[in-house]
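Trainee: Quick one: sequence plus predicted model below, questions after.
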Amino acid sequence: MVKRVVHKNIVLLIVAVAQFMVVLDSSIVNVALPTMYKALNFSSADSLQWVITAYTLAFGGFLLLGGRAADLYGRKRIFMWSTALFALVSLAAGLAQNSLMIDITRAFQGLAAAFMSPAALSIVLTTFKEGKERAGALSIWGAVAAGGAAVGVLLGGILTQYLDWRWNFFVNVPVGLAIAYAAYRYVPESKADLDHSKLDLPGAVLVTTGLMVLVFAFTKAPSYGWASMESLRLFALSIVLLGGFLYNESRSKHALMPLSIFKIANVAAANMAQLPITAAMFSMFFFVTLYVQNVLGFSPVQSGLSFLPITFVIGGISVLMQHVIGRIGYKKPLVFAPLLIAFGLFLLSGVSVGGSYWTDVFPGLIIMAAGMGMTFITITIAATTGVPAKESGLASGLLNTSQQIGGALGLAILSGVSTSAMTSYLRDNAGKGAVDLALHAQVSGFESALHVGVFFAIASSLVALFFIRENKDEKIDPKAAMIAG
């Protein structure tokens, strides 16, 4: 049999489209939330966050398991079957008849994505050689990943307004099945060069349940009370579970996450920087979407179009970054980019009831987009440089875990901040007119949440400044735009 020779860029296209779909699904439902609230009879506006959180929580909780499974059982195999599962679960989500069903199917979407995403990035890392070839591939990967969130909001608006909110999920079905078939035809199989094929199931159970309990604790703490026994029990349980995971990994012969991976330069620091920066970015999409629809009165399509400039800025900056990184390395952009995001969030926190898109939203979005375009590729390069091929799935899963858990934690924390601020405003301004009072209270909540997002972004910059280490030998060739075939 003649072995099929496939151009590397074909492989990159297949896995990049899959990653685009995964990231897009984190944001595509944002615009549809007000419509879904009415259609599926949600109990309260606060419960809407679970449409987002159920996805990101399952996604983040199972990523380490998904990344390790790709290394052990075949990256192509895991990628192909998880992509097909993602498509089928999306069909079930589109057919949801109540809020519970949509939350459950969103969680299963996240589970499928947790196996799909690290396998996809691992395929990129094992297909392209470290250096200029991989940097070029990762610049495209970063542009696709970052742009997916912005495109998701626009596509969600179009589908919600002109078809139905259910098409936000139905659209994944033909795309996902096509990607799975393309992977079967064109993506070569690869596995880690390990002497075993055993999966650390105790470790997988501990880390997954620990992360889920932690996010759930942050979600419920505002309503329970941060110092209440219910909240303290949840936080304590998450600490015990995650501590048990680390103990298990230090003793397991076939650890899910060998702690030795943190001996590789910047793996720990890059993941530490990823957590708060993703928390800041997720909050922007969630709260700005609610602001432009509920306060400015935008239709779903107008809301989606309002995020369109982000796509172009992120794409352009991501492609340019491969040349910048070649000249100055990745640490300086990784320190500077979160500060841009912080400044953009600060501008967005000035939203008002009588505001407008061009003065209250657009400037902050553009500045944030520039920071996002700089961040995605630099964090990915920092977190994967020096990682051996046999650990590529693990490194990919670890980075994606930081991203998704950061997003889930950030949304849980900032939703709590927003709710608390709204409650305080209503209590302190009870004499105002009912409609005016409700709008002002909502905007007050958005402002407070975005202010906290500013501090998250600054924290990411400080982590990069003090903990990212870069040797001159690691700088990427400025000709990284040329991807070798």
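Mentor: All right, it came through fine.

Trainee: can you map out the helices along the stretch 351-485 of the chain?
Mentor: 362-384, 392-428, 434-467 (DSSP state H, counting those that start in this stretch).

Trainee: Ok, the stretch 51-200 of the chain next?
Mentor: With DSSP H, counting those that start in this stretch as the criterion, the stretch 51-200 of the chain has helices spanning 75-94, 99-127, 132-162, 167-170, 172-186.

Trainee: Between the ones you listed, which one is closest to residue 247.
Mentor: helix 99-127 (23.2 Å; C-beta to C-beta). In short, each C-beta sits where N, CA and C put it, glycine included.

Trainee: which helices and strands does the helix or strand of the chain with the lowest mean pLDDT pack with?
Mentor: Using mean pLDDT, DSSP states H and E, helix 132-162 stands out as the lowest-scoring helix or strand of the chain, at a mean of 74. Judged by 3 or more C-beta pairs under 8 Å, 6 or more residues apart in numbering; DSSP states H and E, helix 132-162 is in contact with helix 8-27, helix 99-127, helix 167-170, helix 267-290, helix 300-306, helix 308-328, helix 362-384.

Trainee: Please repeat the previous calculation with a cut-off of 7 Å.
Mentor: For helix 132-162, the elements it packs on are helix 8-27, helix 167-170, helix 267-290, helix 300-306, helix 308-328, helix 362-384, judged by 3 or more C-beta pairs under 7 Å, 6 or more residues apart in numbering; DSSP states H and E.

Trainee: And those helices: which comes nearest residue 48?
Mentor: It is, among the helices and strands packed on helix 132-162 and with distance given as C-beta to C-beta, helix 267-290, at 8.9 Å.

Trainee: can you pull the alpha-carbon coordinates of that closest one into PDB?
Mentor: Presented in PDB, the C-alpha positions along helix 267-290 are these (Å, rounded to 0.1, in the frame of the first residue of the first chain):
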ATOM      1  CA  VAL A 267       5.500  25.700  31.600                       C
ATOM      2  CA  ALA A 268       4.300  26.600  35.100                       C
ATOM      3  CA  ALA A 269       4.700  30.300  34.600                       C
ATOM      4  CA  ALA A 270       2.800  30.400  31.300                       C
ATOM      5  CA  ASN A 271      -0.100  28.500  32.700                       C
ATOM      6  CA  MET A 272      -0.200  30.800  35.700                       C
ATOM      7  CA  ALA A 273      -0.400  33.800  33.300                       C
ATOM      8  CA  GLN A 274      -3.100  32.100  31.300                       C
ATOM      9  CA  LEU A 275      -5.600  31.700  34.200                       C
ATOM     10  CA  PRO A 276      -6.200  35.400  35.000                       C
ATOM     11  CA  ILE A 277      -6.000  36.600  31.400                       C
ATOM     12  CA  THR A 278      -8.700  34.200  30.300                       C
ATOM     13  CA  ALA A 279     -10.800  35.200  33.300                       C
ATOM     14  CA  ALA A 280     -10.600  38.800  32.100                       C
ATOM     15  CA  MET A 281     -11.400  38.000  28.500                       C
ATOM     16  CA  PHE A 282     -14.400  35.800  29.200                       C
ATOM     17  CA  SER A 283     -15.900  38.500  31.400                       C
ATOM     18  CA  MET A 284     -15.700  41.000  28.600                       C
ATOM     19  CA  PHE A 285     -17.700  39.000  26.100                       C
ATOM     20  CA  PHE A 286     -20.400  38.000  28.700                       C
ATOM     21  CA  PHE A 287     -21.000  41.500  30.200                       C
ATOM     22  CA  VAL A 288     -20.500  43.600  27.000                       C
ATOM     23  CA  THR A 289     -23.000  41.300  25.200                       C
ATOM     24  CA  LEU A 290     -25.600  41.900  28.000                       C
END
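
Trainee: what is the mean pLDDT for that helix?
Mentor: Helix 267-290 shows a mean pLDDT of 83.

Trainee: Tell me which other helices or strands it touches.
Mentor: If contacts are counted by 3+ C-beta pairs under 7 Å, 6+ apart, helix 267-290 sits against helix 132-162, helix 331-348, helix 362-384, helix 392-428, helix 434-467.

Trainee: Indicate which one of the helices and strands packed on helix 132-162 is closest to residue 260.
Mentor: helix 267-290 (10.1 Å).

Trainee: to the chain's geometric centre, what's the distance from the closest one?
Mentor: The chain centroid and the centroid of helix 267-290 are separated by 8 Å, computed with C-alpha atoms, centre = their mean, to the nearest Å.

Trainee: on that earlier part again, can you check which of the helices and strands packed on helix 267-290 gets nearest to residue 73?
Mentor: helix 392-428 (9.8 Å).

Trainee: what's the offset of the closest one from the middle of its chain?
Mentor: For helix 392-428, the distance to the chain centre is 11 Å (C-alpha atoms, centre = their mean).

Trainee: ok so, going back, comparing the helices of the stretch 351-485 of the chain by mean pLDDT, which bottoms out?
Mentor: helix 392-428 - the lowest mean pLDDT of the helices of the stretch 351-485 of the chain, at a mean of 77.
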